[in-house]
Structure formats: C-alpha cells, structure tokens
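Chemist: For reference, the sequence and a predicted model appear below.
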Amino acid sequence: MPDRDGRRRQEALKDSLPVAVGGGRGWRRILRRLVGAPDYEAYVEHCRKVGHPPRMTEREFVNEFFAAKGKGVRCC
Amino acid sequence: MPRLARAILWFAVAALGAVAFGILALVRGETISAAWLVIAAVCTYAVAFRFYSRFIATRVFALDPRRATPAERLSNGRDFVPTNKWVLFGHHFAAIAGAGPLVGPVLAAQFGFLPGTLWLVIGVVLGGAVQDFTILCCSIRRNGKSLGQMAREEINPVAGMTTMVAVLSIMIILLAVLALIVVNALKASPWGLFTIACTIPIALLMGWWMRVWRPGKVGEASGVGAVLLILALVGGGWVASHPIGAAFTHSGVALTWMMVAYGFVASVLPVWMLLAPRDYLSTFLKITTIVVLALAILILLPPLKMPALTPFATLGEGPVFAGKIFPFAFITIACGSISGFHALVSSGTTPKMLAHEPDARLIGYGGMLMESFVGVMAMIAACTLEPGVYFAMNTTPAALAGAADVLKTAGFVVTPDQMQALAAQMGEQTLIARTGGAPSLAVGMAHIFSSVTGALGGKTATALWYHFAIMFEALFILTTIDAGTRVGRFMLQEILGRLWPRFGETSWYPSIVLSSAAVVAGWGYFLYQGVVDPLGGINSLWPLFGIANQLLALVALCVATTIIIKMGKPRYAWVTIAPLVWLTAITMTAGWQKVFSADPKLGFLAHAASLAGSADPRAPRLIFNDHLNAVMALGFMAVVALLLVVSLREWWLILSRRKAATLTETPFVESAYAR
C-alpha cells in the first residue's frame, strides 16, 4: 500500500500520460496511426500534458515527420 | 468459462485441425476443397497462439503489465507513442506483409499444395512468429534498440558487422528479385504498364496535397489517389485496345532500364514527393485487398486442382525452379514462414509504439500468424489454377520442353488454344512463360474475384480483376523498391561515412547521388542478369534471395538465444535454438547445392562449365554471372558459419561461467497504466 504522497505522485503521472491512441478522436485517429500518418493533434496533446508549449507548428511537424519517414525498413 | 468447457473447446479445435491435416495428406482424389486448407491453418494458428505464444510470454520473457515500455517512458508525441494494441497490430502487419508471402507460395506450388502449406503453417508457429515475437520482447526491454545494435552489444562487434552486411546484401538481392517479378508481369502488357505508370503522377499529386496544400491530410490525399488509381485501371483497358497501346508495350530489357531510372529518382527525390504518398496508397490497397481476398476464399472455398504432391517434389527437376523439396521448398517460401526481414521491423518502429508489455504477444506472434495466412491464401489462389496452366505460365519454353515428359505423365497438359483463350479472357497478349509468380497469382485471384462478382449477379469482369491483381502486386513491389533503395542508400552512406565523414551527411547532394547510384547499380545488375538469362533468371535469383533472408533470420535467432541465456533461462533456449538448427540446415544445404551441384540447372559452377566452349555470344557473360552468384552464395555460407561460431562461443563462455552474464535490460520502471 503506497503512502499518500506516493499515490498522489502516481496520479499526477497518470494525468501526464499521452492517451494511448484509439482513446483519442475515434476513427480518424485510428486510421492515421494504422497507416503511419503524421498526427499533429497527438503531439500537441503530448506537449500539453508534459507541460510545455508545442515547439513546432503543424507545417514544421509535418515537414519533420516526412523527413524522418523513409528511413525505417518495410518488409518484402 | 468453466475449466472443463475450455479444455473441451481447445481439444475440439486441435482435433479439427488434425482431421483437416489428415484429409489434406491422405485424400488423393480429383480435387479437394480449399476449406480443409483453411481449417488446418486456422486451427493450428489458434492452438499455437493460445498455448505456445503464452508459454513464451509468461515463462520465457515473463512479460509484465506493470513494467513501463519505451513508448511510455520515452514518450515524445512523435516516434515514441503508446498505441492501442489493435491499431499497432494493423501498423505492424502492414509493415511486415508485402509481396513476399504472395510470391513464394505460388512458386513453391510446383511441388503440389501440401509441402508449401505444411511449411507455411508449421514454420510460422515454431519459427517465424517466434523470431518476430522474441526480437520484439528483446527490443522493448532495451529502449527499442535495433537488431544491429543488439547483435553488437549482446554477442560482439563481429555479429554487429554481420548484421550490417547481411541487411545490405539482402536488400540488393531482394530488390533485384522483386523488380524482376514486376518486369515479368509488365512485359508486353500495355494495360498493366499504363496503370502502373499512372501511379507516378498520382503519387506526385498526393505528395503536393499532403505536404504543401493541406499539410498532414493523408486521408484526403489517399482518397483522391485511390479514385484516380481506379480510373487509371479502367483507362488501361481502353489504352490496350487503342493504337496508343504500342507506346506502353515494351520488352523486358527496356522495362529494366525504366525500373533502374525510377529507383534512382525515387531515392534522390525528397521522401514526401514520391515515396510517402505511394507508401500510403499501397498500405490502403494492401489491407483492403487482403481482407477482400480472405472473404472471397472463405465464401467460395474453391476446389484445389493441383495435387497434394507433384512428381517434381522428389525428382528435383521442377521447371519453375530447380532443386528437390529439401531444402528448396523451405528457401522459396521465406516470408510467410520465417523471414529475417521482420526482425528489422520488430526492432524498428513497433517497439517504440507498444503501450503494454503483454501486447507484444498479439503484435509480434499474432501479426506473423496473419502473414502466414496471407501465404496460405496465395497458395490457394495458385492451386485453383489447372496444373497445366500453372506450369505453362511459370516456366520458360526451354524448361517446359525439358519437363514435357513428366508433365505429360502427370496429366498436366494444356493446349496452345486453351492458353490463348485464357490470355484473351484476361486481356493479355499471351500468358505463356509469364514467370515470377505474379501473373499466375493474378489469374488465380481474378478467377476468385470474378466468381464472387458473377455470383452476386454482376458482370464477371475477369480482365479488370486480373489487371487489378497485377497492379496491386506491382504497386507494393514498387513501394518496396523505392523504400529499399533509399534505406540501402542510407546504409551505404553510414558505412562510407566512417571513412570520410562528409559522405555520411545524409542530406549532402553529391553523397546522395553517388550512393543512390551505387545501390541502384547493385540491384540493377542482378535484375538485368535475370532478364537476359535464357535459363529463367528468377529461378536462380530467388533461391539466393531466400538464402540471404534466412541468413538474417539466423542473426535474429542468435541474438534472441543469447539474450534468453543471459536472462538466466538456458532451459528455455530451445525455443529459439530449434528454428535456428533447422534454418542452418536449410541455408547450408541450399547454398552448397546452388554452388556445387553437378546439375547445370541447379549448380552455378556446373552451369558455367556447361557453357564453356559454347558458341553462344552471351556465354562469357553468363559464365561470369554464374561465378558471381557462386561467390555470393559461398560468402553467405561463410557469414552464417562465422556467426554461429561466434554465438556458440559466447553461449559456452556464459554457461560454463567463464564469463559473467551481464544483462543489458533497461531497469524496471513501474508503468502508470498499471492499476
């Protein structure tokens, strides 16, 4: 049984978690994640929960996303 | 459910699977329904998932829902994002399943439907799914590290280097083989080539849409792309019957140069222009087509016309590819049973998105079962063809003449008129000697789809379905080619960057151009060789690809075994050692036979010797190719041997306590998801 502080810390941490996708905005979001499309809303949500303002605009985010894409492998 | 009811249920599933296998193995009638194949496969998958994957999850890796995953600890809203397990399942499946599980089984159907199906089903539950799952588990306990990094850190730098070399060579051969399949499918096919050519401007439009005009709107752009793609498909039929069609009718060599040019351009251009949009388009198309094919097969349950075993299983002189059932059935079907390439995905994006440790079971093990099922469907599609048609499509005229006696005795005959009628029905000029697997799969799929549309009261539209299937395969093979050339380019830049740091800058244009050209030249050479080789390039290149791919699986299984031993669980190491032993036997036997077999159809050296003194002006080049292939195969075998020795030494040192087993797992952090 954790002490009261411990439990409070635990709850604060839970609040700061990004929502596992699927809980977010329904089908559009699921589809995006499924095909590996950029999800700016998820990034904004992450920044809000961690407690800093988003460091990228949507355009910057999309540009960076596409620049990073294509480095991972996909199978035969 | 009460314990007893559960036990009865699983016993029934197991018994049903056993009965289905019994029927497949014992019934030797005219035809057999595909239902038995589907039942045997699905029951095996269910039992393996319920019992074996659970054993690996709980006993071997002790997956813990209270332990935070990299996605949670390192969450950044970009690459590390905790993701719902079903969504991640789809994402992972889309990344591992490509043309491989469709093509391999079609080629292996020359032995009959039974050997390939058994290897697909047994190979996946004890080998492929185990590899994908264990590597995923290893990676999530190490901050989502890649296979190469794990090989370097867990075994030693030699293993790390082996991985790099293996990945690069597999990439080169894989790209050549896949490109060869596309070339064979589009040769003298104006309809197919027009549709595929249209995908390039469609991709450019989509790229502009989702990056410049409406940033990030992948769904919209893909919707527009899909509509245009269907128009291009229908338009192709018109082009083929119009004088314009001549502009889209090309020989294999001309198509080779187009592919090489395309691969180079796609690697040099920014990724958002061509690569990313095609990737989305083919992912959507892939998921839909596979779902539709599965439904169609389950509804129709078509009869299998191919016998369970053909004479080629033991003769070893199959016209599609040479070699006996062992080891070549196991080399030909790699993706779908066990594919080393998956280890790169399992240690790539997937571990960075896994929200809970126990989800790894569904995604790693379950995802691979799904791919195996795609392989089984391809096998069904190929085996619904008349065997005579299958062999006429998949063999070069020379090989067909060589095997004529066996084919005649087995009753696998077809008249030229029948072939002409079939070609006309599919809207093609000819279907004879359309090797590579894609056209026969397309004919099989067209049969299945058109009987569904026919049964639903619509027009059968066979030609349209055939070209849809061709486009579907060509599109995702081309997606692999552009992505693969690019990844190969990055790897080359990384390796050469160690010698000259400037070259390692992935955005420095001279380096981009040079490294892209080098990678394209690599696969372009093998492609060209496959196109001009009169003895049917695909049958010597595909086994080389199989060997290379299994080599990477060996690396992955060595890494997983080392980690299991270091975890202090050597009593469970057989989980990965069993497939490792089998793969070693396959790759070594296949490599040896490809090099030293006295049969010129099989052995590279014997083939070279048979050409010596030939008056054919192409002979010197073909002899050089044979020697090059022999050196490649020997190189792969040497690498396998080296890796095994290095790993065995490491295991012995740890088990004999001469070396402390230091586990490199990231420390336990309690997950906030845990209640």
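Modeler: Thanks, I have it. Numbering: from 1, shown residues only, chains lettered A, B, ... in the order given.

Chemist: Mind checking what secondary structure B:R657 has?
Modeler: coil (DSSP: H, G, I helix; E, B strand; the rest coil).

Chemist: For it, give its distance to chain A.
Modeler: 38 Å (C-beta to the nearest C-beta, to the nearest Å). (Glycine included, C-beta is placed from N, CA and C.)

Chemist: quick one, phi psi at that residue?
Modeler: phi 60, psi 30 (degrees, to the nearest 10).

Chemist: could you point out which element follows the helix or strand that contains B:F545?
Modeler: Here B:F545, judged by DSSP states H and E, is contained in helix B:537-566. For helix B:537-566, the following helix or strand on the C-terminal side (DSSP H and E) is helix B:574-596.

Chemist: Look at residue 62 and say how many residues are nearby.
Modeler: With no chain named, the answer covers chain A. Counted by other C-beta atoms under 10 Å in any protein chain shown, the residues lying close to A:V62 total 23.

Chemist: um, chain B though
Modeler: Residue crowding around B:A62 was assessed by other C-beta under 10 Å; the count is 12.

Chemist: Just checking the distance from stretch B:614-621 to the centre of its chain.
Modeler: The chain centroid and the centroid of stretch B:614-621 are separated by 34 Å under C-alpha atoms, centre = their mean, to the nearest Å.

Chemist: same thing with stretch B:169-189?
Modeler: 13 Å.

Chemist: For it, list every residue counted as buried.
Modeler: Neighbour-count burial for stretch B:169-189 flags B:169-189 (criterion: 16 or more other C-beta atoms under 10 Å in any protein chain shown).

Chemist: With stretch B:337-351 instead?
Modeler: Quick answer for stretch B:337-351 (16+ other C-beta under 10 Å): B:337-351.

Chemist: in what helix or strand does B:Q429 lie?
Modeler: Per DSSP H and E: nothing holds B:Q429, as it lies in no helix or strand.

Chemist: and the residue nearest to it when sequence neighbours are not counted, helix, strand or coil?
Modeler: Leaving out its chain neighbours, the residue that sits closest to B:Q429 by C-beta to C-beta, 6 or more residues apart in numbering or on different chains is B:A188, at 5.5 Å. Following three-state DSSP, B:A188 is assigned to coil.

Chemist: ok, now which ones touch B:A188?
Modeler: B:T249, B:H250, B:S251, B:Q429, B:T430 (C-beta atoms under 8 Å, 6 or more residues apart in numbering or on different chains).

Chemist: same thing but at 10 Å, please
Modeler: Shown in contact with B:A188 (C-beta atoms under 10 Å, 6 or more residues apart in numbering or on different chains): B:F248, B:T249, B:H250, B:S251, B:G252, B:L255, B:E428, B:Q429, B:T430, B:R434.

Chemist: Now it, what are its backbone angles?
Modeler: phi 50, psi 40.

Chemist: Let me know the distance separating it from B:R658.
Modeler: 64 Å (C-beta to C-beta, to the nearest Å).

Chemist: Please name the residues that touch the residue lying closest to B:R361 once chain neighbours are set aside.
Modeler: Of all residues not flanking B:R361 in the chain, B:A57 sits nearest, at 4.5 Å (C-beta to C-beta, 6+ apart). B:A57 makes contact with B:L63, B:F133, B:C137, B:E357, B:P358, B:A360, B:R361, B:L362, B:G364, B:Y365, according to C-beta under 10 Å, 6+ apart.

Chemist: Run a quick neighbour tally on the residue nearest to B:A226 when sequence neighbours are not counted.
Modeler: Using C-beta to C-beta, 6+ apart and skipping residues adjacent in sequence, the residue nearest B:A226 is B:F284, 6.5 Å away. For B:F284, the neighbour count with other C-beta under 10 Å is 21.

Chemist: helix or strand right after whichever strand or helix holds B:F284?
Modeler: Per DSSP H and E, B:F284 falls inside helix B:275-300. Using DSSP H and E, the helix or strand that follows helix B:275-300 in sequence is strand B:303-304.

Chemist: Please name every helix or strand in contact with the helix or strand bottoming out on mean pLDDT in chain B.
Modeler: The weakest-scoring helix or strand in chain B, judged by mean pLDDT, DSSP states H and E, is helix B:397-402 (a mean of 82). Contacts defined by 3 or more C-beta pairs under 10 Å, 6 or more residues apart in numbering or on different chains; DSSP states H and E place helix B:397-402 against helix B:387-394.

Chemist: residues contacting the residue lying closest to B:S540 once chain neighbours are set aside?
Modeler: In space, and not counting its chain neighbours, B:S540 is closest to B:N629: 6.4 Å by C-beta to C-beta, 6+ apart. Shown in contact with B:N629 (C-beta under 10 Å, 6+ apart): B:173, B:526, B:529, B:540-541, B:543-544, B:594-595, B:604-605, B:607-608.

Chemist: Can you check the pLDDT for the residue most central in space within chain B?
Modeler: Among the residues of chain B, the one closest to the centroid is B:G100, at 2.4 Å (C-alpha atoms, centre = their mean). At B:G100, the model reports a pLDDT of 85.

Chemist: so it touches B:G375, yeah?
Modeler: Yes: if you go by C-beta atoms under 10 Å, B:G100 and B:G375 touch, sitting 8.6 Å apart.

Chemist: who touches both of the two?
Modeler: Joint contacts of B:G100 and B:G375 (C-beta under 10 Å, 6+ apart) are B:I333, B:A334, B:C335, B:G336.

Chemist: Let's verify the last one: helix, strand, or coil?
Modeler: Of the three states, B:G336 takes coil under three-state DSSP.

Chemist: Could you pull out the strands in the chain for me?
Modeler: In the absence of a named chain, chain A is used. Using DSSP state E, chain A contains no strands.

Chemist: should've been chain B
Modeler: Using DSSP E, strands in chain B cover B:32-33, B:303-304.
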